[in-house]
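1. Model the following, please.
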Amino acid sequence: MVRTTSWISRRTALRGAGAVVSLPWLEAMGPRMAWAEGGTAETAAPNRMAFLYVPNGINMTDWTPQQEGAEFQLPEILKPLEPLQSKLQVLSGLTADKARAHGDGGGDHARALSAFLTGSQALKTDGTNIRLGVSVDQAAAARIGDRTRLSSLEIGCEHGAMAGNCDSGYSCVYSSTMAWRSATQPLPKEVNPKLVFDRMFGADQSPDRARRDARRRSILDYVREDSKHLSLQLTPGDNRKLDEYFTAIREIELRIERVEKLPPVKTPDYPVPAGVPAEYETHIRLMCDLVALAFQSDVTRVVTFVLANEGSNRPYPFIEVPEGHHDLSHHGNDTGKKEKIRKINLFHIRQLSWLLEKLNSIQEGTGTLLDHCMVAYGSGIHDGNAHNHEDLPLLLAGGGCGTLTPGRHVKFASETPLSNLWLSMLARMEVSWDQIGDSTGPLSGL
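-> Take a look at the predicted model:
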């Protein structure tokens, strides 16, 4: 049947038996106009922002390009991103000043993560009187969160304590939490992919839900009637897009089911968290696919993803690094230890590449989902041996709905606040925010 000329609301969702499935962007939702051309909230491609964090610094010799501008070569650690170099910016020169001690002594790991998105100095305490500042993701969520099912999504791959002393007198919450709704309200991350999926799509905690889980039916089964009705209103192109979207949902459901049935794999000196994939790479990539699905379905436009807690001592035996990450980061310029740090850095970049390739494979209007995203990736520590916080390793991927100029290595003046980057990203989300922590103004040249 040919669709009528009436438009479908961007907020349309499929519903049934307690399940809710948001929809990807469809032609039937109205004409698409680029954000930069002044589209309205209903007709413009929505911009999204994701923040990915890796701990313990980077082997910067193999990270920083030698050339500035568009004619730059990706160093060894960044080589997996070569297919998407034209959609990527390497940013140099940015500093997280509030991760420095400023008289508070040790605790660089706790300060590195806590200051990363807040630009604020953490109150040194291992008690309940924690204090920090609002993170950039929550600034965005406060302004645009009411446009989506979830105002923001906080995920990770390592459990983290919300209390106790984890780093030189700093509360564990500082080392494990990136998102802060207020100075005293950290938002804990979810590490279980099944619970992330349930939060995105669904379900209440009623006995009906328990019975559904027991039967292991797909969430798509519960919205089938609604989807059939919607299909009659769509063009063939929209129906193909909907089929692709449903296929992606079902593939993730099946992967979660398979992971839950696998026996735990013993990793030397590292307890496997209950309820999550035993293999770290499987865990990360499943979470990456959930990020892509969250953006594709417009469940949320704001995501934070902590790949490992700051100061993590996770070993990486599957890439021939049996030692703990944090222990190795204190390399003392030992060539062998630095080589193992390089392997860990390269492993993490391969996971970023997985996410970016996924986003770039999803067509959205005349571009891809990656064209309508801003994905920031980095660490709050430059070099783990020095515990320094200037010239941080940072990448910014995506087109930001035409508001970014990717494909370049951009070098900013020394000591430029990292928070200035966050202000710049907020502006591209059409969010007006006076200051993020120690920010002094938006960056030019992005």
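2. Which residue ranges of the stretch 1-150 of the chain form strands?
-> 13-16, 19-22, 48-53, 88-95 (DSSP state E, counting those that start in this stretch).
3. now His382: how far from Ala248?
-> According to Cβ to Cβ, to the nearest Å, His382 and Ala248 sit 37 Å apart. No exception for glycine: its C-beta is placed from N, CA and C like everyone else's.
4. Comparing these two, which residue is more hemmed in?
-> For His382 versus Ala248, neighbours defined as other Cβ atoms under 10 Å are more numerous around His382 (22 against 18).
5. so where's the stretch 151-300 of the chain shaky on pLDDT?
-> Within the stretch 151-300 of the chain, the stretches with pLDDT under 70 are 202-220, 222-224, 255, 258-275.
6. where exactly do the strands run in it?
-> 153-156, 165-167, 170-171, 179-182, 185-187.
7. now the ones you listed in a markdown table, with mean neighbour count?
-> Output for the strands of the stretch 151-300 of the chain, formatted as a markdown table (neighbours: other Cβ atoms under 10 Å):
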| stretch | mean neighbour count |
| --- | --- |
| strand 153-156 | 25 |
| strand 165-167 | 19 |
| strand 170-171 | 26 |
| strand 179-182 | 21 |
| strand 185-187 | 18 |
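8. so which of the strands of the stretch 1-150 of the chain is the most packed in?
-> The highest average neighbour count among the strands of the stretch 1-150 of the chain, using mean count of other Cβ atoms under 10 Å, belongs to strand 48-53 at a mean of 25.
9. Need the residues that contact that one.
-> By Cβ atoms under 8 Å, 6 or more residues apart in numbering, the list of residues contacting strand 48-53 from outside reads 113, 116-117, 136-137, 140, 178, 291, 295, 301-307, 310, 352, 355, 372-380, 425, 429.
10. repeat that for 6 Å
-> 178, 295, 301-306, 373-377, 425 (Cβ atoms under 6 Å, 6 or more residues apart in numbering).
11. and if you look at stretch 134-141?
-> 117-118, 151-152, 179-181, 302, 304, 422, 429, 431, 433, 436.
12. circling back to that earlier point, between the strands of the stretch 1-150 of the chain, which gets nearest to Leu132?
-> For the strands of the stretch 1-150 of the chain, proximity to Leu132 was assessed by Cβ to Cβ; strand 48-53 is nearest, at 15.1 Å.
13. Off-centre distance for the closest one?
-> Strand 48-53 sits 4 Å away from the centroid of its parent chain (Cα atoms, centre = their mean, to the nearest Å).
14. partners of that strand in the sheet?
-> strand 302-306 (parallel), strand 373-378 (parallel) (DSSP bridges).
15. for the record, mean pLDDT for the longest one?
-> Taken as a whole, strand 373-378 carries a mean pLDDT of 99.
16. same check, this time on the shortest one
-> Here strand 302-306 scores 99 as its mean pLDDT.
17. could you dump it to CSV, C-alpha only?
-> The C-alpha trace of strand 302-306 is given here as CSV (Å, rounded to 0.1, in the frame of the first residue of the first chain):
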residue,chain,number,x,y,z
VAL,A,302,23.7,11.3,25.0
VAL,A,303,25.9,8.3,26.1
THR,A,304,28.9,7.9,28.4
PHE,A,305,30.9,4.7,28.1
VAL,A,306,33.8,3.9,30.6
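18. which outside residues touch it?
-> The contact list for strand 302-306, computed with Cβ under 6 Å, 6+ apart, reads 49-53, 137, 140-141, 152-156, 178-179, 189, 291.
19. do the same with the longest one
-> Applying Cβ under 6 Å, 6+ apart, the set of residues contacting strand 373-378 from outside is 48-52, 352, 359, 392-398, 400, 425.
20. Stretch 153-164 now?
-> Outside stretch 153-164, the residues that touch it by Cβ under 6 Å, 6+ apart are 172-173, 176, 179, 187, 189-191, 196, 273, 283-284, 287, 294, 300, 303-309.
21. First-to-last residue distance for it?
-> Start-to-end span of stretch 153-164 (Cα to Cα, to the nearest Å) is 25 Å.
22. And Arg131, how far from Tyr170?
-> 12 Å.
23. chain center to stretch 381-394, what's the gap?
-> Distance, centroid of stretch 381-394 to centroid of chain: 20 Å (Cα atoms, centre = their mean).
24. List the buried residues in it.
-> Buried residues in stretch 381-394, counted by 16 or more other Cβ atoms under 10 Å: 381-385, 387-394.
25. quick one on the thing from earlier: out of the contacts of stretch 153-164, which end up buried?
-> Of the contacts of stretch 153-164, these count as buried by 16+ other Cβ under 10 Å: 172-173, 176, 179, 187, 189-191, 196, 283-284, 287, 294, 300, 303-309.
26. how far does stretch 160-177 sit from the chain's center?
-> Relative to its chain's centre, stretch 160-177 lies at 21 Å (Cα atoms, centre = their mean).
27. what's the first-to-last distance across that stretch?
-> Terminal residues of stretch 160-177 lie 8 Å apart, using Cα to Cα.
28. One more: stretch 393-403?
-> Termini of stretch 393-403 sit 22 Å apart (Cα to Cα).
29. Repeat that for stretch 96-111.
-> Terminal residues of stretch 96-111 lie 9 Å apart, using Cα to Cα.
30. Tell me the buried residues in that stretch?
-> Applying 16+ other Cβ under 10 Å to stretch 96-111 flags Ala96, Asp97, Lys98, Ala99, Arg100, Asp104, Gly107, Asp108, His109, Ala110, Arg111 as buried.
31. gap between the first one and Thr64?
-> If I follow you right, that is Ala96. Distance, Ala96 to Thr64, using Cβ to Cβ: 17 Å.
32. so Asn321 bridges to which residues?
-> Small correction: residue 321 is Val, not Asn. Tyr316.
33. Is it correct that it is in contact with Lys343?
-> Yes: shown here, Val321 and Lys343 form a contact pair, counting by Cβ atoms under 6 Å, at 5.5 Å.
34. Comparing the two, which shows the higher neighbour count?
-> Taking neighbours as other Cβ under 10 Å, Val321 and Lys343 compare with Val321 leading, 20 against 17.
35. can you give me the helices in this protein?
-> Counting by DSSP state H, the chain has helices at residues 108-116, 136-144, 172-176, 193-201, 207-215, 224-231, 236-261, 280-296, 325-329, 335-361, 418-428.
36. Pick the most deeply packed of the ones you listed.
-> Among the helices of the chain, highest average neighbours (mean count of other Cβ under 10 Å) belong to helix 108-116, with a mean of 29.
37. which other residues reach stretch 328-346?
-> Stretch 328-346 is contacted from outside by Asn56, Ile58, Asn59, Asp62, Ile77, Tyr316, Ile319, Val321, His325, Gly384, Asn385, using Cβ under 6 Å, 6+ apart.
38. how about it as PDB, C-alpha atoms only?
-> What follows is stretch 328-346, C-alpha atoms only, in PDB (Å, rounded to 0.1, in the frame of the first residue of the first chain):
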ATOM      1  CA  LEU A 328      52.500  -1.600  33.400                       C
ATOM      2  CA  SER A 329      51.600   2.100  33.100                       C
ATOM      3  CA  HIS A 330      54.300   2.800  35.700                       C
ATOM      4  CA  HIS A 331      56.800   1.700  33.100                       C
ATOM      5  CA  GLY A 332      59.800   3.800  34.100                       C
ATOM      6  CA  ASN A 333      60.600   4.000  30.400                       C
ATOM      7  CA  ASP A 334      61.200   0.300  30.300                       C
ATOM      8  CA  THR A 335      60.900  -0.700  26.600                       C
ATOM      9  CA  GLY A 336      59.200  -4.000  27.200                       C
ATOM     10  CA  LYS A 337      56.500  -2.400  29.400                       C
ATOM     11  CA  LYS A 338      55.900   0.400  27.000                       C
ATOM     12  CA  GLU A 339      55.400  -2.100  24.200                       C
ATOM     13  CA  LYS A 340      52.700  -3.900  26.300                       C
ATOM     14  CA  ILE A 341      51.000  -0.500  27.000                       C
ATOM     15  CA  ARG A 342      51.100   0.000  23.200                       C
ATOM     16  CA  LYS A 343      49.300  -3.300  22.700                       C
ATOM     17  CA  ILE A 344      46.600  -2.300  25.200                       C
ATOM     18  CA  ASN A 345      46.100   1.100  23.600                       C
ATOM     19  CA  LEU A 346      45.800  -0.600  20.200                       C
END
